[in-house]
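J.: Mind looking at a prediction? Sequence and model below.
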Amino acid sequence: MTLRRNFLHLISGIGVLAYGGHQVFGQSSPFKAKVIVVGGGFGGATAAKYLKIFSNGKIDVTLIEPNQHFISCPMSNLVISGDQSITDITFGYEQLVKKYGVHLIHAKVEQIDSQKRVVALSNGKKLNYDRLVLSPGVDFLFEKIAGLDEDAQKVALHAWKAGPQTLALKAQLEAMPDGGVYGISIPLAPYRCPPGPYERATLIANYFKQFKPRSKVLILDANQDVTSKGPLFKKIWATRFKELIEYRGLHQIESVDIKNKTIQFEAQGELKLNIVNILPPMQAGKIAVDTGLIKPNQRWCEVDFLTFESRVVPNIHVIGDAIQNAQLMPKSGHMANQHGKVCASAVVALLSDHEVNPAPIYNNTCYSFVSKNEAIHVASVHRYDAIQKTMLPVQGAGGLSVEANELEGLYANSWANNIWSDFLA
Amino acid sequence: MPSAHIVKVMQEYQKGERQATLMHQISKGYTEEEISQIAQFFSTLNPATPFKKGIAP
């Protein structure tokens, strides 16, 4: 018992390489529960795999994901800047099926009946569950920006879900004449991947510097200041991209006029751009909203951080970007991966009448590239606080890079390979 | 990798005696007991096979 608890405890606590063929359950565990995992991203794919590992294959796990392939958001800014190819960040789900015995269904979840515990799919199938793990990511609140209707969305891209929009934004940059202006509009925090917009701006400036040196990058941030790695990014901008990047805080976008290629701000009037890249305000994926997992006037799902079970609807566990984050817990792929492991361990414990790990600990590492080969990081460690019943950052742990360099670029590439491998291989 | 070696290295990171970009920051978040558990776990693993990067769509 102690050994098992220790194993579950540590496997959820450490980095992305933490898995193995350990037998967590005795052969005698008399259960055959059904768990449905909705969403095959960093959170959901991790949960699906580790539910199988932690239950020694005994839990029946079905992963539902509409896309045939996984395309990684982390590293996708390097595709936009032409430093990596989309095939570098595209992977299949085959190993989850072959190696771990996960059932994989490529469909969309139309409805979750949390009373009857039935999921209705776009292919007409209905599936029962004992527990459901929901990892729906984010959806965009396009309606918060006037003029950003369906047609406008085809021009004013977000490219904040890796895939066709990643390549479309790259094509826009390639087609833009030298001397043009690219603007990225950043919503108020919290949003997916806090440093991501600044990484993108930096990499695009790096592309401009090489190929379109008279062009300009405008960072139009609704937040007062850079929300992540501020001093590191600002140093890079000041030393390498003085004429190329301009940062403007407190720029809350109000509307967009696609025909005239202008955007309007609440306080600062109108601005003309060649490329308009709008990250709209975000909330938990629509299925979470439709299932009633979000309290009034909120955008994210509140969870119990020991189990990730929804605080609103029983038997549904929510992980990844869709949750109401604990203090200083970013919406990141790394974090979703850690949620996936803690959640899988708790679900296995709940379904087999074992004690849930009372003291989860895990970490986050976010790398941002500032050129093809150089990166910076921010890291933190998060531990469960039994009194406050939430995850708290461990004081004295974590931190930032000293400066951008190629060694961190190498480690950033390793981070990506390792974490992809952790939930897809 | 032997468990004792992992513990030693992690302690050096914690104390700042070992050069690092990141692990000196992460290691400080874990107790001695947790480091020992981590080391025990990793010592049981076989060296990883390199992840095959990028499967074309």
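T.: Yes, it's here. As the structure is a computational prediction, the values presented were derived from the model and not from experiment. Residues are numbered from 1 along each chain as shown, chains lettered A, B, ... in the order given.

J.: A:Val256 belongs to a helix?
T.: No. Assigned with DSSP: H, G, I helix; E, B strand; the rest coil, A:Val256 falls outside any helix and is strand.

J.: My guess is it contacts A:Lys144. True?
T.: No. Counting by C-beta atoms under 8 Å, A:Val256 sits too far from A:Lys144 to count as a contact (11.3 Å). Where C-beta positions appear, they are placed from N, C-alpha and C, glycine not excepted.

J.: Looking at the two, which is more packed in?
T.: A:Val256 (23 against 14; other C-beta atoms under 10 Å in any protein chain shown).

J.: Mind listing the residues bridging to the more buried one?
T.: Going by DSSP bridges, A:Val256 is paired in beta bridges with A:Ile263.

J.: and the closest residue to chain B within the stretch 251-400 of chain A, what element?
T.: Minimum separation of the stretch 251-400 of chain A from chain B (C-beta to the nearest C-beta) falls at A:Val381, amounting to 2.6 Å. In this structure, A:Val381 sits in strand A:375-385 according to DSSP states H and E.

J.: Check which helices and strands that strand is in contact with.
T.: With contacts defined as 3 or more C-beta pairs under 8 Å, 6 or more residues apart in numbering or on different chains; DSSP states H and E, strand A:375-385 has these neighbours: strand A:361-369, strand A:390-393, strand A:399-400, helix A:406-424, helix B:23-27.

J.: mind checking which of these is nearest A:Asn77?
T.: Closest approach to A:Asn77 among the helices and strands packed on strand A:375-385 (C-beta to C-beta): strand A:361-369, 6.8 Å.

J.: Indicate whether that closest one makes contact with chain B.
T.: Yes. Using C-beta under 8 Å from any C-beta of the partner chain, strand A:361-369 comes into contact with chain B via A:Ile361, A:Asn363, A:Thr365.

J.: Kindly reformat those residues as a markdown table and extend each row with pLDDT.
T.: A markdown table is the format used below for the residues of strand A:361-369 next to chain B (pLDDT from 0 to 100):
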| residue | pLDDT |
| --- | --- |
| A:Ile361 | 97 |
| A:Asn363 | 98 |
| A:Thr365 | 98 |
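
J.: Give me the residues contacting the helix or strand where A:Tyr247 lies.
T.: Counting by DSSP H and E, the element that carries A:Tyr247 is strand A:245-248. The contact list for strand A:245-248, computed with C-beta atoms under 8 Å, 6 or more residues apart in numbering or on different chains, reads A:201-202, A:205, A:216-221, A:226, A:234, A:237, A:268.

J.: Buried residues, it. List them.
T.: Using 16 or more other C-beta atoms under 10 Å in any protein chain shown as the burial criterion, the residues of strand A:245-248 that qualify are A:Ile245, A:Glu246, A:Tyr247.

J.: Could you pull up phi and psi at A:Asp221?
T.: phi -110, psi 120 (degrees, to the nearest 10).

J.: Quick one: residues contacting it.
T.: A:Ile186, A:Pro197, A:Thr227, A:Tyr247, A:Arg248, A:Gly249, A:Leu250, A:His251.

J.: how about the helices of chain B, start to end?
T.: Taking DSSP state H as the criterion, chain B carries its helices at B:3-15, B:23-27, B:32-43.

J.: Among these, show me which one is buried the most.
T.: The highest average neighbour count among those, using mean count of other C-beta atoms under 10 Å in any protein chain shown, belongs to helix B:23-27 at a mean of 22.

J.: What helices and strands are in contact with that helix?
T.: strand A:375-385, helix B:3-15.

J.: Quick one: residues in contact with it.
T.: Residues from elsewhere that reach helix B:23-27 (C-beta under 8 Å, 6+ apart): A:363, A:365, A:379, A:381, A:397-399, B:10, B:13-14, B:16, B:18, B:35.

J.: Direction included, what does the strand holding A:Tyr247 pair against?
T.: Sheet pairing for strand A:245-248, assigned by DSSP bridges, gives strand A:216-221 (parallel).

J.: Restricting to C-alpha, output the partner strand in PDB.
T.: C-alpha atoms of strand A:216-221 as PDB (Å, rounded to 0.1, in the frame of the first residue of the first chain):
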ATOM      1  CA  LYS A 216       7.300  46.200 -38.100                       C
ATOM      2  CA  VAL A 217       5.700  44.100 -35.300                       C
ATOM      3  CA  LEU A 218       3.200  45.800 -33.100                       C
ATOM      4  CA  ILE A 219       2.300  44.100 -29.800                       C
ATOM      5  CA  LEU A 220      -1.100  45.400 -28.700                       C
ATOM      6  CA  ASP A 221      -1.700  44.100 -25.300                       C
END
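
J.: Take the helices and strands packed on strand A:375-385 and lay them out in a markdown table including distance to A:Phe308.
T.: As requested, the helices and strands packed on strand A:375-385 are exported to a markdown table (distance: least, C-beta to C-beta, whole Å):
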| stretch | distance to A:Phe308 |
| --- | --- |
| strand A:361-369 | 12 |
| strand A:390-393 | 11 |
| strand A:399-400 | 27 |
| helix A:406-424 | 16 |
| helix B:23-27 | 22 |
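
J.: Which one, of the ones you listed, ends up nearest to A:Gly137?
T.: Ranking the helices and strands packed on strand A:375-385 by proximity to A:Gly137 (C-beta to C-beta) places helix A:406-424 first, at 14.3 Å.

J.: Can you get me a residue count around A:Ala201?
T.: 29.

J.: tell me the contacts of A:His251?
T.: Contacts of A:His251 (C-beta under 8 Å, 6+ apart): A:Ser185, A:Leu220, A:Asp221, A:Ala222, A:Phe265, A:Ala267, A:Gln268.

J.: Taking these, tell me the two that lie furthest apart.
T.: A:Ser185 and A:Ala267 (13.9 Å).

J.: What residue in chain B comes nearest to chain A?
T.: The nearest approach of chain B to chain A comes at B:Gly29, 2.6 Å away (C-beta to the nearest C-beta).

J.: Look up the closest residue to that residue, ignoring the ones flanking it.
T.: A:Val381 (2.6 Å; C-beta to C-beta, 6 or more residues apart in numbering or on different chains).

J.: That neighbour and A:Gly398, how far apart?
T.: Going from A:Val381 to A:Gly398 by C-beta to C-beta, to the nearest Å gives 6 Å.

J.: So for the two, which residues contact both of them?
T.: A:Asn363, A:Asn364, B:Ile26, B:Lys28, B:Gly29.

J.: Need phi/psi at the closest residue to the fourth one other than its chain neighbours.
T.: In this structure, B:Lys28 finds its nearest non-sequential neighbour in A:Ala397, 4.2 Å apart by C-beta to C-beta, 6+ apart. The main-chain torsion angles of A:Ala397 are listed as degrees, to the nearest 10 and equal phi -110, psi 160.

J.: And the helices in the stretch 201-350 of chain A, which stretches?
T.: A:230-240, A:286-290, A:333-351 (DSSP state H, counting those that start in this stretch).

J.: Could you list every helix and strand in contact with the last one?
T.: In this case it means helix A:333-351. For helix A:333-351, the helices and strands in contact under the criterion 3+ C-beta pairs under 8 Å, 6+ apart are helix A:2-13, helix A:42-54, strand A:131-134, strand A:316-318, strand A:361-369, helix A:406-424.

J.: same thing with the first one?
T.: For helix A:230-240, the helices and strands in contact under the criterion 3+ C-beta pairs under 8 Å, 6+ apart are helix A:196-211, strand A:245-248.

J.: outside of it, which residues touch it?
T.: With C-beta under 8 Å, 6+ apart, helix A:230-240 has contacts from A:195, A:198, A:202, A:205-206, A:209, A:226, A:245, A:247, A:368, A:370, A:376, A:400-401, A:403-404.

J.: Nothing else from me, thank you.
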